[in-house]
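**Student:** coordinates only, sequence not included:
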């Protein structure tokens, strides 16, 4: 990790040091994924079987996972594992249930009532990546809010063979259908539907560059599907003062660094002593970490920034806009009102990122890559949509008529005006 | 308008009759806009001056509108106009203020506190199209929630010369900066900034195919800007029973049809009598409509659907998912719980669409083109973002530790586990 003193940098250097690296150029990925999508649209299930054989080197018996397979997965899991998943399920359920929207109803002027109501998105698709280790936590983060929101159909795609933990959580969440499909072909199948895979309205979940590109392509087609949010490499920023425990910070930075070689890891502290201690502790902790090689790659492009003060540290964090923001200071809550542009915030010594990654109750699907400036951490509202309603009484329309008529005239929209005058005249003629 | 009986159509016919036409192919627009964006990125203000001269055939004195010009615009407006704009401002403010989010705080298990807080998006840009008539109403729909949300910088671009009504509303809303720039160059300027135009985080507002394409391009670049929602032609669907007033319905359908030749207009009714009466009334009302030619083009591709029942009419509406949904039935509120997939709903005889377009208080920026399935009507939350927060006590972490450790093991993420164990060990050693 490189250590820099913020005030010793020019404005241009400050800007450039916090700039995220551009993601890999995707021309070949774009073409490959267009091709996959076309195949799935043209050949449906048949394309899914052949693409799965080609990319995952496996021939599943069926695309849809049978319910008895899901039952058996549950029997194979240890009760320790099931207890853990159920505890996480319970906490995530509580926090997302608390996000249920209240309908809004306001009489803006006499006889003019405006409302905001919410409806679940009817059909949603969850994508769970495969790879070296299963991600049951992501099933929880997507499946729990989908069911609480009331989505009528919730389906899940994951590359086969699907791990028992994933199948167990799918059952826990009440996912309606689970499919043995991964990669771009899974995104295409959910966006357009096949004989077996249900078409959905919106697709959620993380994935590699191919999955990300597939999500981008189907979301640019109005006959495809919407998606949760733009994707990017995972990242953490830690704000710490001299009261912090360097071992804790090192462990937190490493838990981000082990995600992947492109993970971004930043420590901002006004204390040069803490900076040194953390650098040492990272070196120590790295020695027996199974994923040390990955973590070291991530650390190579990571930063320790010495700030002038905690206030400056907060400004640097707000400027960077990290996905995860850990605050290990004497009074972390004092800083909260000043913190902006973060996906999820972890306050104090006893709130490691992994608590939120798995089980505190917050969602781990978060905006990254600077999108915290404009995007929200995934929540219940991403699984529903708001509609507005207005109801005017005859009196209400009479009261509002002069305003609407005048504005319609200004905008040169005569039929807009007439939709009001024709009603007002009818009211007059009725006396 | 074409009249069809729903039950006489096959499933395939039903699907195809409600399919929206694909928007014009945009290869030439895509290239033209890439070029405009590159020019603005390379040459800043200089490009804005030359593109404005090229496209708008006007040479503004300055890019930023001077505050005395805004003052003078206000003096030129009639007090009738100012009263109307202020009434609309007041209603829109009331309804959007009511949308302020409450922070959420939940103790998901002992010692584990999860929160959701909201922060304004710091810098937002509003685009207001030019054209034959000014759109002060759109300034209200974007400017009011931006200021209520607390966005720190709110700027507005519109092609010069900017109408007095727009400048007046910009002042009323407290817009920080107004620029004499339109088209793709305005979107590029706000997304990347120039010497004069402030870079923003998110861009809102309607526009023609060029503006839409520019918004798409800058939103696909993480160094550009986010955007409000995908755009498409405007549309209305009316559900009416035999109790409805055919003149009112005709006026409402025409007020949508006059928006543009690509507007979509649909009437769904179980009453063949109403269907006939509305068709006649449209013909009558068209005769002296200034924008009759535009409306006639829109009506050519529009539909009257005879449903079997109101229940079926609701299903058809939910399937189509209209931007505007007008319900003129005996008991419109009874249908509300069944209605889904609409941008804004207008209940009853006295709630014409133009009331919501201008002044009832609801927002007129709405998902269209089928995006009502997944997208919300524009609201306060589009000008802010949600962050989650968690704070665990030492006790809370001890309670949660077995769950996090077990799940980290399942996912093969050892550093995630260690961020917890290192803390628990420290707690033990402290006794």
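**Tutor:** Received the coordinates, thanks. Remember, predicted model here, so these are calculated numbers, not experimental data. Residues are numbered from 1 along each chain as shown, chains lettered A, B, ... in the order given.

**Student:** How is chain A divided into domains?
**Tutor:** With domains defined by automatic domain parsing, chain A comprises A:27-99+A:120-227, A:232-374, A:393-430.

**Student:** How many residues are close by residue A:12?
**Tutor:** 8 (other Cβ atoms under 10 Å in any protein chain shown). Heads up, the C-betas are built off the backbone N, CA and C, glycines and all.

**Student:** gap between the closest residue to residue A:366 other than its chain neighbours and residue A:365?
**Tutor:** Among residues not flanking residue A:366 along the chain, residue A:343 sits closest, at 3.0 Å (Cβ to Cβ, 6 or more residues apart in numbering or on different chains). Using Cβ to Cβ, to the nearest Å, residue A:343 is found at 9 Å from residue A:365.

**Student:** Pick out whichever of these two has more residues nearby.
**Tutor:** residue A:343 (31 against 22).

**Student:** need the contact list for that one.
**Tutor:** A:322-325, A:366-368, A:372, A:377, B:387-388 (Cβ atoms under 8 Å, 6 or more residues apart in numbering or on different chains).

**Student:** Strands along chain A, start to end?
**Tutor:** According to DSSP state E, chain A carries its strands in the segments A:2-5, A:104-109, A:112-120, A:123-127, A:153-157, A:177-179, A:202-204, A:226-227, A:235-240, A:264-269, A:303-306, A:324-328, A:344-347, A:384-392.

**Student:** if we can go back for a sec, top of the contacts of residue A:343 by neighbour count?
**Tutor:** Neighbour-wise, those (other Cβ under 10 Å) top out at residue A:325, 31 neighbours.

**Student:** wouldn't that one be in contact with residue A:317 here?
**Tutor:** Yes: under the criterion of Cβ atoms under 8 Å, residue A:325 makes contact with residue A:317 at 6.1 Å.

**Student:** and residue A:97, how many neighbours?
**Tutor:** 14.

**Student:** which bits of the stretch 51-200 of chain A sit near chain B?
**Tutor:** Residues of the stretch 51-200 of chain A that fall close to chain B, judged by Cβ under 8 Å from any Cβ of the partner chain: A:80-81, A:83-85, A:87-88, A:90-92, A:94-95, A:98-99, A:104, A:106, A:108-109, A:112, A:114, A:116-117, A:119, A:121-122, A:132-137, A:165.

**Student:** Drop anything exposed from those residues.
**Tutor:** Among those, the ones that count as buried by 16 or more other Cβ atoms under 10 Å in any protein chain shown are A:81, A:84-85, A:87-88, A:91-92, A:94-95, A:98-99, A:104, A:106, A:108-109, A:112, A:114, A:116-117, A:119, A:121-122, A:134-137, A:165.

**Student:** Can you list the low-confidence ranges for the stretch 301-431 of chain A?
**Tutor:** A:431 (pLDDT under 70).

**Student:** for the stretch 1-150 of chain A, that is, sorry about that
**Tutor:** Across the stretch 1-150 of chain A (using pLDDT under 70), the flagged ranges come out as A:24-25.

**Student:** which stretches of it form helices?
**Tutor:** A:11-17, A:27-43, A:45-56, A:67-76, A:79-97, A:136-149 (DSSP state H, counting those that start in this stretch).

**Student:** what angle separates the longest one from strand B:384-392?
**Tutor:** It stands for helix A:79-97. 140 degrees (axes from the mean of the first three to the mean of the last three Cα atoms, to 10 degrees).

**Student:** list the residues that contact both of residue A:325 and residue A:317?
**Tutor:** A:237, A:239, A:339, A:342.

**Student:** and which of the residues you listed is nearest to chain B?
**Tutor:** residue A:342 (5.4 Å; Cβ to the nearest Cβ).

**Student:** give me phi/psi at that closest one?
**Tutor:** phi -140, psi 150 (degrees, to the nearest 10).

**Student:** residues near it, how many?
**Tutor:** Residue A:342, neighbours per other Cβ under 10 Å, totals 27.

**Student:** Give me the distance between it and residue A:319.
**Tutor:** 12 Å.

**Student:** Repeat that for residue A:418.
**Tutor:** Distance from residue A:418 to residue A:319, by Cβ to Cβ: 52 Å.

**Student:** Can you tell me which of the helices of the stretch 1-150 of chain A is most buried?
**Tutor:** helix A:136-149 (a mean of 26; mean count of other Cβ atoms under 10 Å in any protein chain shown).

**Student:** helices or strands up against that one?
**Tutor:** helix A:79-97, strand A:123-127, strand A:153-157, helix A:164-173, helix B:394-410 (3 or more Cβ pairs under 8 Å, 6 or more residues apart in numbering or on different chains; DSSP states H and E).

**Student:** still on that earlier bit, what subset of the shared contacts of residue A:325 and residue A:317 is also close to chain B?
**Tutor:** Within the shared contacts of residue A:325 and residue A:317, those near chain B by Cβ under 8 Å from any Cβ are A:339, A:342.

**Student:** List buried residues within the shared contacts of residue A:325 and residue A:317.
**Tutor:** A:237, A:239, A:339, A:342.

**Student:** Enumerate every residue touching the third one.
**Tutor:** Spelled out, it's residue A:339. Contacts of residue A:339 (Cβ under 8 Å, 6+ apart): A:314, A:317-318, A:325, A:327, A:345, B:387.

**Student:** Make JSON lines from those and add distance to residue B:173 to it.
**Tutor:** JSON lines is the format used below for the contacts of residue A:339 (distance: Cβ to Cβ, whole Å):
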{"residue": "A:314", "distance to residue B:173": "30"}
{"residue": "A:317", "distance to residue B:173": "31"}
{"residue": "A:318", "distance to residue B:173": "26"}
{"residue": "A:325", "distance to residue B:173": "32"}
{"residue": "A:327", "distance to residue B:173": "35"}
{"residue": "A:345", "distance to residue B:173": "31"}
{"residue": "B:387", "distance to residue B:173": "26"}
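
**Student:** from the residues you listed, which single one is nearest residue A:192?
**Tutor:** Lowest distance from residue A:192 to the contacts of residue A:339 (Cβ to Cβ) belongs to residue B:387, with 34.3 Å.

**Student:** What's the separation between the closest one and residue A:367?
**Tutor:** Taking Cβ to Cβ, one finds residue B:387 at 9 Å from residue A:367.

**Student:** neighbours of residue A:332, just the number please.
**Tutor:** 24.

**Student:** which ones are touching the closest residue to residue A:152 other than its chain neighbours?
**Tutor:** Among residues not flanking residue A:152 along the chain, residue A:122 sits closest, at 4.8 Å (Cβ to Cβ, 6+ apart). Listed by Cβ under 8 Å, 6+ apart, the contact set of residue A:122 reads A:151-153, A:201, B:340, B:373.

**Student:** Need those in CSV (columns: distance to residue B:185).
**Tutor:** Shown next, in CSV, are these (distance: Cβ to Cβ, whole Å):
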residue, distance to residue B:185
A:151, 41
A:152, 44
A:153, 44
A:201, 35
B:340, 39
B:373, 33
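
**Student:** So of these, which two are at opposite extremes in space?
**Tutor:** Within the contacts of residue A:122 (distances taken as Cβ to Cβ), the two that end up farthest apart are A:153 and B:340, at 13.7 Å.

**Student:** neighbour-wise, which of the two wins?
**Tutor:** A direct count of neighbours by other Cβ under 10 Å for residue A:153 and residue B:340 places residue B:340 higher, at 21 against 17.

**Student:** State the distance from that one to residue B:381.
**Tutor:** On the measure of Cβ to Cβ, residue B:340 and residue B:381 end up 20 Å apart.
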